[in-house]
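Undergrad: Next come a sequence and a model predicted from it.
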Amino acid sequence: NAGVTQTPKFQVLKTGQSMTLQCAQDMNHEYMSWYRQDPGMGLRLIHYSVGAGITDQGEVPNGYNVSRSTTEDFPLRLLSAAPSQTSVYFCASSYYPGPGANVLTFGAGSRLTVL
Amino acid sequence: KQEVTQIPAALSVPEGENLVLNCSFTDSAIYNLQWFRQDPGKGLTSLLLIQSSQREQTSGRLNASLDKSSGRSTLYIAASQPGDSATYLCAVDTNAGKSTFGDGTTLTVKP
């Protein structure tokens, strides 16, 4: 199993450009989510999905769009990149093997720089 | 809104010491709490998950405890080694698919 795969690993954008960060998981997990991590800080939730066709906003959703057409894929779209979106982005998937359990599995991250 | 705090922000210890990392959260209505390790420039590796009905979990030299009523969790690392140097993050799951992270504790274990 590949687990959670994120592409690209690195990306440099100019202000105003758009792009899509890809995330795919092969574990048949129901739940997928996107986080951003800024230097010296923890992870902040951008958007999440509890299943195909269902998405919702997290703590910091502005400037980002998501969709979930399949169980496996959960792309994150930056509509018009801003320097404030310079960050490391992590995709995660999770499952509930039993009551109260949500084991998060993370991708390796995508480092985005907006000039 | 759930808030998660980790203290201390950084910790430096000599090799062989036992140590405790702390995590506190404001909303006790949680599904579970998970501890992660993050090496510089890398992703997150899950260490331990404690379900809301549990009090502790153990894996090798690691022991995590959970006290929901007081909103606290601790990660105990026994006989620390230089390879334990990393940032340790706790995450609290209060709703399906939504986890709130602390800012982490950066641990340095000196040989």
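TA: Arrived safely. Everything quoted here is computed from the prediction, not taken from an experiment. Residues are numbered from 1 along each chain as shown, chains lettered A, B, ... in the order given.
Undergrad: and the residue nearest in space to the middle of chain A, bridged to which residues?
TA: In chain A, the centroid-proximal residue (Cα atoms, centre = their mean) is residue A:34; its distance is 2.6 Å. Beta-bridge pairing of residue A:34 under DSSP bridges involves residue A:47, residue A:91.
Undergrad: Check residue A:87 too.
TA: Following DSSP bridges, residue A:87 is listed with bridge partners residue A:112.
Undergrad: What separation is there between it and residue A:94?
TA: Distance of residue A:87 to residue A:94, given as Cβ to Cβ, to the nearest Å: 21 Å. In this view, the C-beta of every residue, glycine as well, is placed from N, C-alpha and C.
Undergrad: Tell me if I'm right that residue A:83 and residue A:115 touch.
TA: Yes. If you go by Cβ atoms under 8 Å, residue A:83 and residue A:115 touch, sitting 7.3 Å apart.
Undergrad: Have a look at chain A and report the helix or strand with the lowest mean pLDDT.
TA: Least confident helix or strand, chain A: strand A:103-106 with a mean of 87, by mean pLDDT, DSSP states H and E.
Undergrad: by contact count, what packs against that one?
TA: If you count contacts as 3 or more Cβ pairs under 8 Å, 6 or more residues apart in numbering or on different chains; DSSP states H and E, strand A:103-106 packs onto strand A:87-95, strand B:32-38, strand B:44-51.
Undergrad: then that strand to PDB, C-alphas only?
TA: Provided in PDB are the C-alpha atoms of strand A:103-106 (Å, rounded to 0.1, in the frame of the first residue of the first chain):
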ATOM      1  CA  VAL A 103      -6.500   7.000  13.200                       C
ATOM      2  CA  LEU A 104      -5.000   9.800  11.100                       C
ATOM      3  CA  THR A 105      -2.500   8.800   8.300                       C
ATOM      4  CA  PHE A 106      -0.600  11.700   6.700                       C
END
